[in-house]
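S.K.: pasting the structure only:
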């Protein structure tokens, strides 16, 4: 038997003990040590398949995400298995639904997105808050407002009519030259523009655009908040996005703009193609290549090459992703998506950095629980308010 096969068999055995709740402290430490040294999660999932295959063959039901998350919380909360504070790396635990590492300087965790059916079946108690969902308001040139359907994910725009992305007409929406879509806190929506450009709006955002670009030299739109763009190519008519104090000009590309008023800077992240970021009525401008992110500050435009530019659009794919972000920045994201206010009892906790990924389609309590596992912070949910304190 090769070393890799022997290692896989040992991993299978350890995870089987882990999931059955019979793992010893020594074996638990060995399992954690394996995760600390390994960057490849494939053996982990192979082991999980091995563990649950007999049950699948017997026709037993699959383990749900909620059952596996509950098991995870139970085991990592067991004081017998928590390492002393002097150990920098806490356990990295893999179960089929969750992978978590807690580090003394912050938290790394991974929890995949659940299926829509699972999300809708969640029961929310008095001290929990459900995730955001598809919801937005359309404002016509006349000022008339139309509440868009929460059962739809987006709208398709052309000069003569407005439909949802499934082809059903938007009721009472007469043709209008200028349109505005607003997502509230806890809302998200998609817009398919008349030129074929696709736009995803994050929570608490405003998007202004014309019903048609035929009469304009530029395809010009405006965003306040956050939006991800997949711009249709048209060399004869550049696509221009204005946001607060900057403009982004493109021909056809994929990029994200974060321009929330309560964030310190405007960030533009390029995934594909090329863009020019500029400050109106100023000589300040910069060109971005794929993987680059610009940050507009009072002193100008700063450019950096990102290791993983897709982190900037994690929200569009249904995740929160943090890369050594301070807690106050994380909680601003939580506030916008769950439509809650944040109250700090200890201002210093705002500066604690965390890194990780967790689905946005889970109740807020699960997000907070993951952060609490660091032993650095604790939270209390009261109505639509979350209190943050040092643990």
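M.R.: Perfect, I can see it now. Bear in mind the structure is a predicted one, so any value in this text is a computation, not a measurement.

S.K.: for the helix or strand encompassing residue 270, packing partners?
M.R.: Applying DSSP states H and E as the criterion places residue 270 in strand 266-272. Packed against strand 266-272 by the contact rule (3 or more C-beta pairs under 8 Å, 6 or more residues apart in numbering; DSSP states H and E) you find strand 246-250, strand 254-259, strand 292-297. In this view, the C-beta of every residue, glycine as well, is placed from N, C-alpha and C.

S.K.: tell me the phi and psi of the nearest residue to residue 164 once chain neighbours are set aside?
M.R.: Once flanking residues are discounted, residue 164 sits nearest to residue 152: 4.2 Å by C-beta to C-beta, 6 or more residues apart in numbering. Main-chain torsions, residue 152, degrees, to the nearest 10: phi -110, psi 160.

S.K.: nearest residue to residue 129 in space, please, no chain neighbours.
M.R.: Per C-beta to C-beta, 6+ apart, closest to residue 129 is residue 364, 4.4 Å.

S.K.: over to residue 166?
M.R.: Excluding its sequence neighbours, the residue lying closest to residue 166 (C-beta to C-beta, 6+ apart) is residue 152, at 6.7 Å.

S.K.: what's around the one you found, how many residues?
M.R.: As a burial measure, residue 152 scores 18 neighbours (other C-beta atoms under 10 Å).

S.K.: assign residue 263 to helix, strand or coil.
M.R.: Under the three-state scheme (DSSP: H, G, I helix; E, B strand; the rest coil), residue 263 adopts coil.

S.K.: so what pLDDT did it get?
M.R.: In this model, residue 263 is scored at 93, pLDDT.

S.K.: ok, now how distant is it from residue 187?
M.R.: 18 Å (C-beta to C-beta, to the nearest Å).

S.K.: give me the more crowded residue out of these two.
M.R.: Using other C-beta under 10 Å as the criterion, residue 263 and residue 187 rank with residue 187 on top: 23 against 14.

S.K.: residue contacts, that one?
M.R.: Residues near residue 187 by C-beta atoms under 8 Å, 6 or more residues apart in numbering: 132-136, 203-204.

S.K.: now these as CSV including neighbour count, secondary structure and distance to residue 312?
M.R.: Below are the contacts of residue 187 laid out as CSV (neighbours: other C-beta atoms under 10 Å; DSSP: H, G, I helix; E, B strand; the rest coil; distance: C-beta to C-beta, whole Å):
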residue, neighbour count, secondary structure, distance to residue 312
132, 21, coil, 18
133, 16, strand, 22
134, 16, strand, 21
135, 18, coil, 23
136, 24, coil, 22
203, 25, coil, 16
204, 23, coil, 17
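
S.K.: okay then, goodbye and thanks.
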